[in-house]
Structures are given as structure tokens and as C-alpha cells.
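S.K.: Sequence and predicted structure below; questions after.
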Amino acid sequence: MTPVPGFCGVILAAGASTRMGKDKALLEWPPSGATSDTLLSAAIRAFVPFNDLVIVVAGKNAADITPVVDASGGFLTINPEPERGQFSSLQCGLHEVLNHGRDAAMITLVDKPPVKASTLTKLRTEFDSALSAGKWAAVPEYGGRHGHPILIGREMIEAFLKAPVTANAREVQRQHQARIHYVPVDDPDTTMNLNTPDDYARLASQSTQGGI
């Protein structure tokens, strides 16, 4: 029987948030005006029950988000060159996963709403089963679209780390398509992105109407 791997959560939060106009990690969540939570703190807390530790990859925003990471029980690591792109942040985070002696990762982006606990439970269960069948990753699928968080084992971690920094996660996943287990989920947040003020305003409107 394949042993159950030790997991680290990895939250990529080093982006400049240029389209949003403010750091997405620090956006109020849910966007209702009735909480002190942020997208980042909510993401960390969602991951904590499913991982041995939660790593947040910061960039030039490290000083701003460190208090949130510390208060939420996360572990901060810094991408010294975030301008190299999101894949460089992923590689920084995965190096920390291995440095902490873990061999699997649950990865998401800070500009995605935290998904349901039931979704994370299903992904962990499906990943553990898929690992025994020779798979390297589990990816949620909603409405025909692939989303986050993605769960990856040691083999996929190594594939990401061996790729050039100019690559991207999608290219690496495509190269190992047969090793990925796609998991149908009933959770639209897995495929949602918050890139602009309009995206956030739409969610704020849904929140006031009880949709979040």
C-alpha cells in the first residue's frame, strides 16, 4: 500500500496585484463589510486542517502580509525575484515543502476565494486513492473547467522544480497529463478568479444578497 504523504499547503501571494490596484491578499473576506478577515487569512485557515503546515509565498509585499500570516498560523517564505513570474513563486514554495520534510502539497492562489471544507476533504480523499493508482496530482473540475487548489505528490513536485523558471504550471501539467486525476466538485469557487475591482464588486454584491 502506498503510504499517505505528509502535506504542506502552499499559497502564492507574491503578485503585484496591478489590475486590482491593491494587494489582493489583504482584501476583506467575505467582501461584506462585517469581518476583519482577509483573502489571505481565510485561505490559510481553510488549509490548516488539511495540512501539516501552510506556506505563504510573498514578494515585495512581505512586510505588509507578515502580520496576517503570523496571526493565522502560516509560515512565510519570500520569493526574492517575484518579477520572474508566478511559476518562480511556485518553485520557491515547493522548495520549502521539501525543506520541511514533506512530500506533497496543496496549492492555491491568493486571488481565489477559499473553497469549501467539503471540497478539500474530497480532494484529499481522491488524491490518496489516485496516488495508489500511480497518479501524481489531483485537480478539481467544475463546469468543465480545471481549478484550484491542486494537490501534488513528490513526482509532480520534482517535475515543477526541474522545469525552467520561464515555464508555467499548465505546461508542466500538460506534459504529465496521464498522471493527473481530475476530480469533479460541486464548488464554483474552485474556478473563480479575483483579478479586478469589478470582480470583487460582483462578489460583494452576491455577499450582501446571501450568495457567499
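M.R.: Yes, it's here. Numbering: from 1, shown residues only.

S.K.: neighbouring contacts of whichever strand or helix holds Ser89?
M.R.: According to DSSP states H and E, Ser89 maps onto helix 86-99. Helix 86-99 is contacted by residues 8, 10-12, 14-15, 55, 57, 59, 75, 77-79, 81-82, 103-105, 107, 109, 157, 160-161, 163, 165-169 when judged by Cβ atoms under 8 Å, 6 or more residues apart in numbering. Backbone N, C-alpha and C define where each C-beta goes, glycine included.

S.K.: Over to stretch 13-22?
M.R.: With contacts defined as Cβ under 8 Å, 6+ apart, stretch 13-22 is touched by 23-25, 27, 40, 56-61, 65, 78-79, 82, 86, 89, 92, 110-111, 194-197, 200.

S.K.: Next, the buried residues of it.
M.R.: Of all the residues in stretch 13-22, those buried under the rule 16 or more other Cβ atoms under 10 Å are 13-15, 17, 20.

S.K.: Closest one of these to Ser36?
M.R.: Distance to Ser36 across those (Cβ to Cβ) is lowest for Ala13, with 18.0 Å.

S.K.: Can you tell me how far the closest one is from Asp128?
M.R.: Ala13 sits 27 Å away from Asp128, going by Cβ to Cβ, to the nearest Å.

S.K.: before we move on, what about His146?
M.R.: 20 Å.

S.K.: And Gln173, by the same measure?
M.R.: 19 Å.

S.K.: neighbour-wise, which of those two wins?
M.R.: Set side by side, Gln173 and Asp128 show more neighbours around Gln173, with 20 against 17, by other Cβ atoms under 10 Å.

S.K.: picking up where we left off before, output the buried residues of stretch 13-22 in CSV; the columns should cover pLDDT, distance to Ala138 and secondary structure.
M.R.: CSV is the format used below for these (pLDDT from 0 to 100; distance: Cβ to Cβ, whole Å; DSSP: H, G, I helix; E, B strand; the rest coil):
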residue, pLDDT, distance to Ala138, secondary structure
Ala13, 96, 22, coil
Ala14, 95, 24, coil
Gly15, 87, 25, coil
Ser17, 79, 28, coil
Met20, 84, 29, coil
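
S.K.: in these, which two residues are the furthest apart from each other?
M.R.: Spatial extent of those (Cβ to Cβ) is set by the pair Ala14 and Met20 at 14.1 Å.
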